[in-house]
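J.: sequence unknown, structure follows:
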């Protein structure tokens, strides 16, 4: 079993365009490629887990979501990075009722644990919102909040108390890999 880097998508790996449905608008954030390469170099699985409430709200079609996902995969592949898996929650409690897959729910983490033979206690969760990193506490892993312009101050404070807060994706590498780069 190996550890994974569980990444939120919007605001963490790519610019958060809020209900992104146009693949042409996918833009990698600074440090994304370097972060993913560093974790891949030490043998970690790379898994994206994203809430996509725009599907439940009728703002994004499943086909548009898939087109955006494929564009992210293509941009990363052009940089020599391949994700092991991407999981998404298409629900929103106000529109579809409660579910177990919407972060911070755990269903989208137990599935890759089984599918990819992952050690969740040795894994790291990163994201720009508290619900992205909170599952780390459930599984005994490590959560790192990387604030974006949309991250509420109370979530930054909570991450400072209950997890860890880092300024950017490069700081994630320094925080999770002892030498700050692959061995």
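T.: Alright, I've got the coordinates. As the structure is a computational prediction, the values presented were derived from the model and not from experiment.
J.: contact partners of stretch 77-86?
T.: 4, 9, 33, 36-37, 40, 45-50, 69, 72-73, 76, 112, 115-116 (Cβ atoms under 8 Å, 6 or more residues apart in numbering). In short, each C-beta sits where N, CA and C put it, glycine included.
J.: What residues of that stretch count as buried?
T.: 81, 83, 84, 85, 86 (16 or more other Cβ atoms under 10 Å).
J.: Next: stretch 162-172.
T.: So for stretch 162-172, counting by 16+ other Cβ under 10 Å, buried means 163, 164, 165, 166, 169, 170, 171, 172.
J.: Checking the closest residue to the second one other than its chain neighbours next. Helix, strand or coil?
T.: Excluding its sequence neighbours, the residue lying closest to residue 164 (Cβ to Cβ, 6 or more residues apart in numbering) is residue 144, at 4.9 Å. Here residue 144 is strand, with the state taken from DSSP: H, G, I helix; E, B strand; the rest coil.
J.: Now the two most distant members of the buried residues of stretch 162-172.
T.: Farthest-apart pair in the buried residues of stretch 162-172 is 163 and 170; separation 18.3 Å (Cβ to Cβ).
J.: those helices in this structure, which residues are they?
T.: Under the criterion DSSP state H, the chain contains helices at 32-41, 53-57, 62-78, 93-96, 107-116, 130-133, 135-139, 153-162, 169-176.
J.: quick revisit: quick one, what contacts the residue nearest to residue 164?
T.: So residue 144 contacts 124, 125, 126, 133, 159, 163, 164, 165, 166, 172, 175, 176 (Cβ under 8 Å, 6+ apart).
J.: Quick check: neighbours of the lengthiest strand in the chain in the sheet, parallel or antiparallel?
T.: Looking across the chain with DSSP state E, the single longest strand is strand 45-51. If you go by DSSP bridges, strand 45-51 pairs up with strand 4-7 (parallel), strand 85-89 (parallel).
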